[in-house]
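Student: structure, please.
(one chain, ligands or ions: 1)
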Amino acid sequence: METVVSGIRPTGRLHLGNYFGAVVNFVKLQSQYRCFFFIADYHSLTTHPHPSDLHGTVRQVLAEYLACGLDPNQCTLYRQSDVPETAELYLFLNMLAYVGELERSASFKEKVRAQPDNVNAGLLTYPVLMTADIIIHRAHKVPVGKDQIPHLEMARNFAERFNRMYGENFFPLPQPLGTEGEPIKVPGLDGSGKMGKSEGEGNAIFLSDDEATIQRKVMKAVTDAGPTQPHQPKSPPVANLFTLLKLVSSPDTVHHFEQAYNNCTIRYGEMKKQLAADIAAFTAPIRQRIDAFKNDDALLRRVLEEGQKKARASASATLAEVRRLIGFRKF
Ligand code: TYM
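Tutor: Numbering: from 1, shown residues only. The predicted structure is shown next:
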């Protein structure tokens, strides 16, 4: 059976981008593959969270994973820092990763722009740590959103380099995986493109947002002056709203507003109202479950204890082989 691995950084609450870009696929895949899903708390240290915040954000993501339908009986659900083998593999892989190629990565360049006062080495080697996460379970497939594709390309390069250097096809070369095969990008509400945690208040809808907040954010979403000719191409902000509508609304609703757009009778206010109602209906049961899981310490502890056991068993088996291949021997 093929292996699937993926993770999410605990840097805040999950939004619809995380859900439709990643988590919905985790839920689908868990019954079909040998799956490992984790909370990437090592990764979150690159932005220096306050020690008193870290635990709370891990709790949040864990509760959200469970609320979305990840089932610890079907998949292995764990916290990255509970599997220190990851850090050892990261160390080994750092010897195979060249500073030049890491510096050329677009996401590193963007981080340098975004946090010029904190260009730490962890940011530079972020894709190496991601590679360790993935190949430590010898994964074949990695369900992620479109923004992670360049990181996965680097992961394949590092895995291939390890295989070449140590003369065995030990690691499968991990491939990205999205809903219909292709990873997707969920747009935000500000008209600029991607839904994200750091793109400014109002751009992202979080799974835990209440109905009033969802409505307020959606009603403020950027649109345009409206179509003036039949079948006019959509401007990016309006196309974004249609993309969101397709994710949460019925095909009939989408068809209705497509038709209204194409014959220039569309009223964006009406469409936004419908979109807000459909998002709220979609997230309401998830939101209720988040609240329940978040306050169940005994359950959260049990899930992570079991997840750690299973993840470490898999990781330490890989590490034993890696050490042997590299040439570490007992006397
Ligand atoms: P992170 O925490 O930024 O995002 C988690 C997942 O959500 C997806 N995502 C989106 N997908 C579609 N549209 C969007 N607007 C959108 N916003 C976020 C991301 O693509 C991702 O799949 N480096 C990773 C975490 C990570 C990881 C790994 C992933 C660490 N190690 C190993 C896979 C395998 C990250 O920062 O994701």
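Student: run a quick neighbour tally on the residue nearest to residue 149 when sequence neighbours are not counted.
Tutor: Distances taken as Cβ to Cβ, 6 or more residues apart in numbering place residue 176 nearest to residue 149, at 5.6 Å, with adjacent residues excluded. Every residue, glycine included, has its C-beta placed from N, CA and C. Neighbour count for residue 176, taken as other Cβ atoms under 10 Å: 21.
Student: quickly find the element holding residue 176.
Tutor: strand 175-177 (DSSP states H and E).
Student: in PDB, please show the C-alpha coordinates belonging to the following helix or strand past that strand.
Tutor: Per DSSP H and E, the first helix or strand lying C-terminal to strand 175-177 is helix 211-219. Output of helix 211-219 as PDB, limited to C-alpha atoms (Å, rounded to 0.1, in the frame of the first residue of the first chain):
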ATOM      1  CA  GLU A 211     -22.000  33.100  11.000                       C
ATOM      2  CA  ALA A 212     -21.900  36.900  11.600                       C
ATOM      3  CA  THR A 213     -18.200  37.100  11.000                       C
ATOM      4  CA  ILE A 214     -18.500  35.000   7.800                       C
ATOM      5  CA  GLN A 215     -21.200  37.300   6.600                       C
ATOM      6  CA  ARG A 216     -19.300  40.500   7.400                       C
ATOM      7  CA  LYS A 217     -16.200  39.300   5.700                       C
ATOM      8  CA  VAL A 218     -18.000  38.000   2.500                       C
ATOM      9  CA  MET A 219     -20.100  41.100   2.200                       C
END
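Student: give me the distance from the longest helix seen in the chain to the chain's centre.
Tutor: Counting residues, the longest helix found in the chain (DSSP state H) is helix 297-326. Offset of helix 297-326 from its chain centre (Cα atoms, centre = their mean, to the nearest Å): 21 Å.
Student: also stretch 197-208?
Tutor: With Cα atoms, centre = their mean, you get 14 Å for stretch 197-208.
Student: do stretch 49-66 as well
Tutor: Counting by Cα atoms, centre = their mean, stretch 49-66 is centred 15 Å from the centre of its parent chain.
Student: what's that stretch in contact with?
Tutor: Contacts to stretch 49-66, defined as Cβ atoms under 8 Å, 6 or more residues apart in numbering, come from residues 8, 10-14, 23, 26, 37, 39, 41, 44, 72, 77, 79, 207-208, 286, 289-290, 293-294, 299-300, 303-304.
Student: about what we covered before: what's the longest helix of the chain packed up against?
Tutor: Other elements packing on helix 297-326 under the criterion 3 or more Cβ pairs under 8 Å, 6 or more residues apart in numbering; DSSP states H and E are strand 34-39, helix 51-68, strand 76-79, helix 85-94.
Student: and if we set it to 7 Å?
Tutor: Packing partners of helix 297-326 (3 or more Cβ pairs under 7 Å, 6 or more residues apart in numbering; DSSP states H and E): helix 51-68, strand 76-79, helix 85-94.
Student: and the first one, C-alpha only, in PDB?
Tutor: Written as PDB, here are the backbone C-alpha positions of helix 51-68 (Å, rounded to 0.1, in the frame of the first residue of the first chain):
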ATOM      1  CA  PRO A  51       6.300  30.100  24.200                       C
ATOM      2  CA  SER A  52       2.900  30.700  25.800                       C
ATOM      3  CA  ASP A  53       1.200  30.600  22.300                       C
ATOM      4  CA  LEU A  54       2.700  27.500  20.900                       C
ATOM      5  CA  HIS A  55       0.700  25.000  22.900                       C
ATOM      6  CA  GLY A  56      -2.600  26.700  22.200                       C
ATOM      7  CA  THR A  57      -2.100  26.800  18.500                       C
ATOM      8  CA  VAL A  58      -1.100  23.100  18.500                       C
ATOM      9  CA  ARG A  59      -4.300  22.400  20.400                       C
ATOM     10  CA  GLN A  60      -6.300  24.400  17.900                       C
ATOM     11  CA  VAL A  61      -5.000  22.500  14.800                       C
ATOM     12  CA  LEU A  62      -5.300  19.100  16.500                       C
ATOM     13  CA  ALA A  63      -9.000  19.900  17.400                       C
ATOM     14  CA  GLU A  64      -9.600  21.200  13.900                       C
ATOM     15  CA  TYR A  65      -8.000  18.100  12.300                       C
ATOM     16  CA  LEU A  66     -10.400  15.900  14.300                       C
ATOM     17  CA  ALA A  67     -13.400  18.200  13.700                       C
ATOM     18  CA  CYS A  68     -12.800  17.900   9.900                       C
END
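Student: that helix vs the ligand: in contact?
Tutor: No - if you take Cβ under 6 Å from any ligand atom as the test, helix 51-68 misses the ligand, and the best it gets is 8.7 Å.
Student: show me what contacts the closest residue to residue 220 other than its chain neighbours?
Tutor: Distances taken as Cβ to Cβ, 6+ apart put residue 202 closest to residue 220, at 5.9 Å, once the chain neighbours are dropped. The neighbours of residue 202, taking Cβ atoms under 7 Å, 6 or more residues apart in numbering as the test, are 189-190, 217, 220.
Student: ok, now residue 28?
Tutor: No contacts exist for residue 28 under Cβ under 7 Å, 6+ apart.
Student: distance of the residue lying closest to residue 303 once chain neighbours are set aside relative to the ligand?
Tutor: Leaving out its chain neighbours, the residue that sits closest to residue 303 by Cβ to Cβ, 6+ apart is residue 72, at 5.0 Å. Distance, residue 72 to the ligand, using Cβ to the nearest ligand atom, to the nearest Å: 19 Å.
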